[in-house]
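# No sequence on hand, only this structure:
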């Protein structure tokens, strides 16, 4: 049962092939036996109680397609009464007093939350190695990283520990782990999904989204997640369509743009040939391919690694050992309390990014770094605007390589450079996806789709059509 | 531009972080490498380009000035490290 999609499980539950309690118990058993380290908290009791409620509703025939579907929730979303750590020692004992809007919406849809997934601390990382709770293993090869920051979520879906998962994407944190674990991940347009109760990393970039086995499942979950929220001042007042409506539209005549900068040096040859084979598949389906240019895309790395740390240094200043979170013992005075609580509570990468931000925002450097990066951000966004005058969708790789070895990338700059293909969609605020598109040495390769603002329906339609023609998305690692 | 250990210590203090000797050494090396990466931006022509602080170019919404939140101080303070009579406790500031 753990390899099935939402669509199939919903049918099984409706047909009473098994109960939701049985299904939930099956996933909980798998989680407890797994050594992927995909979960920080397993919510056994809550999950079984939610499953019982779902079973009761199913027996009354009062159901939606999501009733009783077990999912894994990234540990960045506040969940009332359940530990919410953001992968940090700082919040190791934090039991959220309230629900994130997303948590509330998923509860209202009668979903079953199996637990909270492991992640890079405060979503800062691309390998899931920056978690206070230890690295997550890639289900395809336990010596490899699962990607990050939503590494636990991706490993959970790929490893058959949950039917789907939630993720967040500030610079690629849904797409890159989805790519490296061989699942489908969607980062919607900035503002599409409420950020209320989603622990902030970089507020002008953060966006939540679904991580699923198929594009069809992603559309079903997005239907519940999306929508305006007055509690999030950057939430967009934009109508939410039914994302499943256009899945079956023909993509004949679709114009695909391939940015030449996405295929330059640094991209692994075998990954490149997988991507080109996927693009060829679209051509067979009637799409037209055009080479395009995003001339400033290489600057996405410095622009992002200035903007995001600046926002994080401001956001994380609230964690001071006073109102919630970790507090050092026996502080001599108030300043000592701040300094030691923060130094002991934050991990190395978080501290590094806070310092980058603190410096880049400091007097005398603000113009040279932060303001300059924001201007370059504008140029990157304008590049997309021009390209979308000519094409319907942009395609390319998600990551320059497949999953690398755990512990193999030690210096931060090399780690940052691997985010080259995902950062620009966040800087511009555009929706983007990763869908399974092949394997290199038994490790998954993801194809990236980037769409124009609010084109989630179109992206899901394109991805679904691809998944009707290919079976990369239905491959599972041995442990399934 | 090269950041010295002294400067990195100042930056850490700005962010209310303290670094031990090994951390100071590593961070000085890493921050120098990272800020060298940022130097790429120097040569990009950005005269007349508006800084983009937000992807949607939205303006802040206004709402009616009415109370929407109830007093939940007991619940919210339940996650605090130390409180007393509704106050957050910190080490003595004024002797």
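Noted; the coordinates are in hand. These numbers come from a predicted model, not from an experiment.

# all strands in chain B, in order from the N-terminus.
B:83-84, B:87-88 (DSSP state E).

# wait, which of those is closest to chain A?
strand B:87-88 (5.3 Å; Cβ to the nearest Cβ). Backbone N, C-alpha and C define where each C-beta goes, glycine included.

# Which other helices and strands does the closest one contact?
Using 3 or more Cβ pairs under 8 Å, 6 or more residues apart in numbering or on different chains; DSSP states H and E as the contact criterion, no helix or strand is in contact with strand B:87-88.

# Where does chain B get nearest to chain A, which residue?
In chain B, the residue that lies nearest chain A is residue B:55 (2.4 Å; Cβ to the nearest Cβ).

# which residues make contact with stretch B:85-95 from outside it?
With contact meaning Cβ atoms under 8 Å, 6 or more residues apart in numbering or on different chains, stretch B:85-95 is reached by A:322-323, A:331-334, A:336-337, B:73, B:77, B:80, B:82-83.

# ok, now stretch A:469-480?
With contact meaning Cβ under 8 Å, 6+ apart, stretch A:469-480 is reached by A:2-3, A:34, A:139-140, A:158-160, A:182-184, A:213-215, A:278, A:281, A:284-285, A:435-439, A:444, A:467.

# Report the mean per-residue pLDDT for it.
Stretch A:469-480 comes out with an average pLDDT of 95.

# Check the offset of that stretch from the chain's centre.
20 Å (Cα atoms, centre = their mean, to the nearest Å).

# what do you get for stretch B:31-42?
Computed by Cα atoms, centre = their mean, the chain-centroid distance of stretch B:31-42 equals 20 Å.

# near chain A at all, it?
Yes - shown here: stretch B:31-42 in contact with chain A (Cβ under 8 Å from any Cβ of the partner chain) through B:31, B:33-35, B:37-38, B:40-42.

# At the geometric centre of chain B, which residue do we find?
Centroid-nearest residue in chain B, with Cα atoms, centre = their mean: residue B:15, separated by 6.7 Å.

# Report the contact partners of residue A:191.
Residues near residue A:191 by Cβ under 8 Å, 6+ apart: A:207, A:234-236, A:238, A:429, B:55-56, B:58.

# Repeat the analysis, applying 7 Å as the threshold.
For residue A:191, the residues meeting the contact criterion (Cβ atoms under 7 Å, 6 or more residues apart in numbering or on different chains) are A:234-236, B:56.

# Around chain A, pick out the residues from chain B.
Within reach of chain A by Cβ under 7 Å from any Cβ of the partner chain, chain B has these residues: B:11-12, B:14-18, B:27, B:30-31, B:33-34, B:37-38, B:40-41, B:44, B:46, B:49-56, B:58, B:60-61, B:75-76, B:78-81, B:88, B:90-91, B:93.

# Now for the contacts of residue A:191: which two are most distant?
Within the contacts of residue A:191, A:235 and B:56 form the most distant pair, 10.1 Å apart (Cβ to Cβ).

# Just the closest residue of chain A to chain B, please.
Taking Cβ to the nearest Cβ, chain B has its nearest neighbour within chain A at residue A:429, 2.4 Å off.

# so that residue makes contact with residue B:58?
No - between residue A:429 and residue B:58 there is no contact under Cβ atoms under 7 Å: 10.4 Å.

# okay, these two: which has more neighbours?
The neighbour comparison of residue A:429 against residue B:58 (other Cβ atoms under 10 Å in any protein chain shown) goes to residue A:429, with 25 against 14.

# pLDDT score assigned to the more buried one?
Predicted confidence (pLDDT) for residue A:429: 98.

# Next, the distance between the ends of stretch A:163-177.
End-to-end distance of stretch A:163-177: 16 Å, with Cα to Cα, to the nearest Å as the criterion.

# What subset of the residues of chain B next to chain A is buried?
Using 16 or more other Cβ atoms under 10 Å in any protein chain shown as the burial test, those include B:11-12, B:14-18, B:27, B:30-31, B:34, B:37-38, B:41, B:46, B:49, B:52, B:54-55, B:79-81, B:90 as buried.

# What are the contacting residues of the lowest-mean-pLDDT helix or strand in chain B?
The helix or strand with the lowest mean pLDDT-type score in chain B, counting by mean pLDDT, DSSP states H and E, is helix B:73-77 (a mean of 93). The contact list for helix B:73-77, computed with Cβ under 7 Å, 6+ apart, reads A:97, B:83, B:86.
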